[in-house]
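Trainee: sequence-free structure coming up:
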Ligand code: ADE
(Lines give C-alpha, C1' and ligand atoms only; values in the text may rest on other atoms or scores of the structure.)
Protein backbone atom coordinates (compact mmCIF):
# COMPACT_ATOMS: atom_id res chain seq x y z
CA UNK A 1 0.00 0.00 0.00
CA UNK A 2 1.21 3.48 -0.81
CA UNK A 3 0.29 6.36 1.49
CA UNK A 4 1.09 10.00 0.71
CA UNK A 5 0.69 12.64 3.39
CA UNK A 6 0.57 16.37 2.60
CA UNK A 7 1.20 18.64 5.60
CA UNK A 8 2.89 21.88 6.63
CA UNK A 9 4.56 19.91 9.45
CA UNK A 10 6.36 16.95 7.83
CA UNK A 11 8.41 16.41 11.00
CA UNK A 12 5.22 15.31 12.79
CA UNK A 13 5.45 12.07 10.86
CA UNK A 14 9.03 11.21 11.83
CA UNK A 15 7.57 8.77 14.38
CA UNK A 16 6.45 6.57 11.49
CA UNK A 17 10.09 5.43 11.36
CA UNK A 18 9.77 3.58 14.65
CA UNK A 19 7.73 0.67 15.93
CA UNK A 20 5.65 -1.75 13.91
CA UNK A 21 4.92 0.68 11.10
CA UNK A 22 8.64 1.47 10.76
CA UNK A 23 9.31 -2.23 10.32
CA UNK A 24 6.47 -2.51 7.79
CA UNK A 25 7.97 0.37 5.83
CA UNK A 26 11.40 -1.25 5.84
CA UNK A 27 9.87 -4.56 4.76
CA UNK A 28 8.23 -2.83 1.79
CA UNK A 29 4.67 -3.53 2.99
CA UNK A 30 3.88 0.15 3.47
CA UNK A 31 5.31 2.88 1.28
CA UNK A 32 4.62 6.09 3.20
CA UNK A 33 5.76 9.42 1.73
CA UNK A 34 5.42 12.74 3.49
CA UNK A 35 5.24 16.00 1.52
CA UNK A 36 5.58 19.61 2.64
CA UNK A 37 2.61 21.64 1.36
CA UNK A 38 4.84 24.73 1.33
CA UNK A 39 6.83 23.20 -1.53
CA UNK A 40 3.81 24.10 -3.68
CA UNK A 41 3.56 27.75 -2.62
CA UNK A 42 4.58 30.48 -5.01
CA UNK A 43 5.73 33.36 -2.83
CA UNK A 44 8.82 34.22 -0.83
CA UNK A 45 7.05 33.65 2.49
CA UNK A 46 5.68 30.26 1.38
CA UNK A 47 2.20 31.38 2.43
CA UNK A 48 -0.51 28.72 2.82
CA UNK A 49 -3.32 30.69 4.46
CA UNK A 50 -5.39 33.85 4.20
CA UNK A 51 -8.31 35.62 5.92
CA UNK A 52 -11.78 34.12 5.43
CA UNK A 53 -14.26 35.65 2.97
CA UNK A 54 -17.29 36.81 4.92
CA UNK A 55 -15.15 37.57 7.97
CA UNK A 56 -14.65 35.58 11.11
CA UNK A 57 -11.82 34.47 13.32
CA UNK A 58 -8.75 32.61 12.16
CA UNK A 59 -7.19 31.87 8.81
CA UNK A 60 -8.20 29.54 5.98
CA UNK A 61 -5.77 27.47 3.90
CA UNK A 62 -5.70 28.83 0.35
CA UNK A 63 -6.61 26.56 -2.56
CA UNK A 64 -3.61 27.21 -4.82
CA UNK A 65 -0.90 25.23 -2.94
CA UNK A 66 -3.41 22.43 -2.31
CA UNK A 67 -4.33 22.25 -5.99
CA UNK A 68 -0.68 21.94 -7.03
CA UNK A 69 0.05 19.44 -4.26
CA UNK A 70 -2.86 17.21 -5.25
CA UNK A 71 -1.89 17.42 -8.94
CA UNK A 72 1.61 16.27 -8.03
CA UNK A 73 0.77 13.59 -5.47
CA UNK A 74 -2.47 11.94 -6.63
CA UNK A 75 -1.67 9.41 -9.39
CA UNK A 76 -4.08 10.51 -12.12
CA UNK A 77 -7.64 9.29 -11.88
CA UNK A 78 -6.83 5.60 -11.32
CA UNK A 79 -4.05 3.39 -10.01
CA UNK A 80 -2.29 0.68 -12.04
CA UNK A 81 -5.12 -1.77 -11.33
CA UNK A 82 -7.84 0.72 -12.21
CA UNK A 83 -8.76 1.68 -8.65
CA UNK A 84 -9.42 5.31 -7.73
CA UNK A 85 -7.12 6.64 -5.01
CA UNK A 86 -8.78 7.61 -1.74
CA UNK A 87 -8.07 11.18 -0.60
CA UNK A 88 -8.68 11.60 3.13
CA UNK A 89 -8.97 15.02 4.72
CA UNK A 90 -9.00 14.67 8.52
CA UNK A 91 -11.61 17.11 9.81
CA UNK A 92 -13.68 17.54 12.97
CA UNK A 93 -16.57 18.13 10.51
CA UNK A 94 -16.09 14.71 8.90
CA UNK A 95 -17.74 11.32 9.45
CA UNK A 96 -16.43 9.43 12.49
CA UNK A 97 -13.43 7.15 11.97
CA UNK A 98 -14.22 3.54 12.91
CA UNK A 99 -12.56 0.13 12.77
CA UNK A 100 -14.83 -0.67 9.81
CA UNK A 101 -13.44 2.32 7.89
CA UNK A 102 -9.88 1.36 8.88
CA UNK A 103 -10.49 -2.15 7.54
CA UNK A 104 -12.02 -0.87 4.33
CA UNK A 105 -9.16 1.57 3.68
CA UNK A 106 -6.55 -1.11 4.50
CA UNK A 107 -7.70 -2.88 1.34
CA UNK A 108 -7.04 0.09 -0.94
CA UNK A 109 -3.86 0.57 -2.94
CA UNK A 110 -3.37 4.30 -2.69
CA UNK A 111 -4.29 6.64 0.14
CA UNK A 112 -3.55 10.35 0.24
CA UNK A 113 -3.95 12.32 3.49
CA UNK A 114 -4.38 16.10 3.26
CA UNK A 115 -3.71 17.66 6.66
CA UNK A 116 -5.40 21.00 7.19
CA UNK A 117 -4.48 23.60 9.80
CA UNK A 118 -5.99 26.85 11.03
CA UNK A 119 -9.76 27.09 10.52
CA UNK A 120 -9.70 24.61 7.69
CA UNK A 121 -9.10 24.38 3.95
CA UNK A 122 -10.92 26.40 1.28
CA UNK A 123 -14.00 24.28 0.51
CA UNK A 124 -13.33 24.24 -3.25
CA UNK A 125 -10.26 22.06 -2.64
CA UNK A 126 -12.51 19.13 -1.65
CA UNK A 127 -14.55 19.59 -4.80
CA UNK A 128 -11.41 19.66 -6.95
CA UNK A 129 -9.93 16.65 -5.15
CA UNK A 130 -13.07 14.70 -6.05
CA UNK A 131 -12.03 14.98 -9.72
CA UNK A 132 -8.81 13.11 -8.86
CA UNK A 133 -10.00 10.47 -6.41
CA UNK A 134 -12.56 9.38 -3.86
CA UNK A 135 -12.70 12.12 -1.22
CA UNK A 136 -13.42 11.33 2.45
CA UNK A 137 -13.65 13.88 5.25
CA UNK A 138 -13.04 11.85 8.39
CA UNK A 139 -13.08 12.89 12.05
CA UNK A 140 -11.14 11.19 14.79
CA UNK A 141 -13.79 12.12 17.34
CA UNK A 142 -15.97 14.87 18.72
CA UNK A 143 -13.21 17.20 19.82
CA UNK A 144 -11.02 19.71 18.03
CA UNK A 145 -7.31 19.23 17.37
CA UNK A 146 -5.04 21.97 16.07
CA UNK A 147 -4.82 20.29 12.70
CA UNK A 148 -5.16 17.06 10.79
CA UNK A 149 -1.68 15.72 11.54
CA UNK A 150 -2.41 13.84 14.77
CA UNK A 151 -5.62 12.49 13.26
CA UNK A 152 -3.83 11.36 10.09
CA UNK A 153 -1.19 9.65 12.20
CA UNK A 154 -3.83 7.76 14.18
CA UNK A 155 -5.59 6.70 10.98
CA UNK A 156 -2.35 5.61 9.28
CA UNK A 157 -1.57 3.43 12.28
CA UNK A 158 -5.07 1.94 12.51
CA UNK A 159 -5.14 1.27 8.75
CA UNK A 160 -1.50 0.22 8.35
CA UNK A 161 -1.64 -2.49 11.01
CA UNK A 162 -4.49 -4.16 9.10
CA UNK A 163 -2.44 -4.47 5.91
CA UNK A 164 -1.58 -8.19 5.55
CA UNK A 165 1.86 -8.96 6.95
CA UNK A 166 2.24 -5.80 9.06
CA UNK A 167 1.11 -7.48 12.28
CA UNK A 168 2.98 -10.79 12.58
CA UNK A 169 0.14 -12.92 13.95
CA UNK A 170 -3.11 -12.15 12.09
CA UNK A 171 -5.12 -13.94 14.83
CA UNK A 172 -4.27 -11.09 17.17
CA UNK A 173 -6.27 -8.73 14.94
CA UNK A 174 -9.46 -10.75 15.15
CA UNK A 175 -10.19 -10.67 18.88
CA UNK A 176 -9.71 -6.94 19.37
CA UNK A 177 -12.07 -4.26 20.55
CA UNK A 178 -14.47 -3.13 17.80
CA UNK A 179 -13.75 -6.01 15.41
CA UNK A 180 -17.04 -7.71 16.35
CA UNK A 181 -18.82 -4.55 17.48
CA UNK A 182 -17.97 -5.16 21.14
CA UNK A 183 -15.15 -4.10 23.45
CA UNK A 184 -12.34 -6.59 23.99
CA UNK A 185 -12.43 -9.05 26.93
CA UNK A 186 -9.87 -8.55 29.76
CA UNK A 187 -6.48 -10.22 29.39
CA UNK A 188 -4.16 -11.72 32.02
CA UNK A 189 -0.70 -13.27 32.05
CA UNK A 190 1.65 -14.78 34.65
CA UNK A 191 1.84 -14.77 37.63
CA UNK A 192 -1.53 -16.30 38.57
CA UNK A 193 -1.57 -14.20 41.75
CA UNK A 194 -0.14 -10.69 41.83
CA UNK A 195 -0.27 -8.36 44.83
CA UNK A 196 -3.17 -10.33 46.26
CA UNK A 197 -5.13 -10.30 42.99
CA UNK A 198 -5.97 -13.63 41.34
CA UNK A 199 -6.46 -14.33 37.65
CA UNK A 200 -10.10 -15.44 37.11
CA UNK A 201 -10.01 -19.21 37.80
CA UNK A 202 -11.86 -20.12 34.59
CA UNK A 203 -8.81 -19.00 32.58
CA UNK A 204 -6.69 -21.62 34.40
CA UNK A 205 -9.29 -24.39 33.93
CA UNK A 206 -8.20 -25.56 30.49
CA UNK A 207 -11.89 -25.71 29.54
CA UNK A 208 -11.94 -23.90 26.20
CA UNK A 209 -15.74 -23.79 25.96
CA UNK A 210 -16.03 -22.23 29.41
CA UNK A 211 -13.24 -19.76 28.62
CA UNK A 212 -14.91 -18.66 25.40
CA UNK A 213 -18.28 -18.23 27.17
CA UNK A 214 -16.67 -16.24 30.01
CA UNK A 215 -14.86 -13.97 27.56
CA UNK A 216 -18.05 -13.32 25.62
CA UNK A 217 -19.90 -12.44 28.83
CA UNK A 218 -17.08 -10.07 29.81
CA UNK A 219 -17.25 -8.40 26.40
CA UNK A 220 -20.98 -7.83 26.77
CA UNK A 221 -20.69 -6.61 30.36
CA UNK A 222 -17.93 -4.13 29.54
CA UNK A 223 -19.68 -2.89 26.46
CA UNK A 224 -22.92 -2.38 28.42
CA UNK A 225 -21.04 -0.46 31.12
CA UNK A 226 -18.67 1.63 29.02
CA UNK A 227 -20.17 1.87 25.54
CA UNK A 228 -23.91 1.17 25.64
CA UNK A 229 -24.20 3.04 22.32
CA UNK A 230 -22.47 0.08 20.60
CA UNK A 231 -25.23 -2.32 21.67
CA UNK A 232 -28.18 -0.35 20.36
N1 LIG B 1 -8.64 18.23 12.77
C2 LIG B 1 -8.96 18.96 13.85
N3 LIG B 1 -9.73 18.26 14.69
C4 LIG B 1 -9.90 17.03 14.13
C5 LIG B 1 -10.60 15.86 14.49
N6 LIG B 1 -11.29 15.77 15.62
N7 LIG B 1 -10.55 14.80 13.66
C8 LIG B 1 -9.88 14.88 12.50
N9 LIG B 1 -9.19 15.95 12.10
C10 LIG B 1 -9.21 17.02 12.90
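Mentor: Nice, I can see it. Only a predicted model underlies this, so the values are computations on that prediction, with no experimental measurement involved.
Trainee: longest single helix anywhere in the chain?
Mentor: For the chain, the helix with the greatest residue count under DSSP state H is helix 208-226.
Trainee: Contact residues of the chain facing the ligand?
Mentor: 90, 91, 92, 139, 140, 141, 143, 144, 145, 147, 148, 151 (Cβ under 6 Å from any ligand atom). Backbone N, C-alpha and C define where each C-beta goes, glycine included.
Trainee: so is residue 136 in a helix, a strand, or just coil?
Mentor: Going by DSSP: H, G, I helix; E, B strand; the rest coil, the secondary structure assigned to residue 136 is strand.
Trainee: So for it, what's the nearest residue that isn't a sequence neighbour?
Mentor: The shortest distance from residue 136 to any residue other than its chain neighbours is 5.0 Å, reached at residue 88 (Cβ to Cβ, 6 or more residues apart in numbering).
Trainee: Pretty sure the one you found sits in a strand.
Mentor: Yes - judged by three-state DSSP, residue 88 forms part of a strand.
Trainee: how about the helices in the protein?
Mentor: So, for the chain - with DSSP H - the helices run 19-26, 63-73, 99-106, 124-129, 149-160, 171-174, 208-226.
Trainee: most tightly surrounded among the ones you listed?
Mentor: With neighbours defined as mean count of other Cβ atoms under 10 Å, the helices of the chain peak in mean count at helix 149-160, which reaches a mean of 21.
Trainee: now the angle from that helix to helix 99-106?
Mentor: 70 degrees (axes from the mean of the first three to the mean of the last three Cα atoms, to 10 degrees).
Trainee: now for helix 149-160, which elements pack on it?
Mentor: Counting contacts by 3 or more Cβ pairs under 8 Å, 6 or more residues apart in numbering; DSSP states H and E, helix 149-160 is packed against strand 2-7, helix 19-26, strand 86-96, helix 99-106, strand 110-114, strand 134-139.
Trainee: For stretch 3-11, buried residues please.
Mentor: 3, 4, 5, 6, 7, 8, 10 (16 or more other Cβ atoms under 10 Å).
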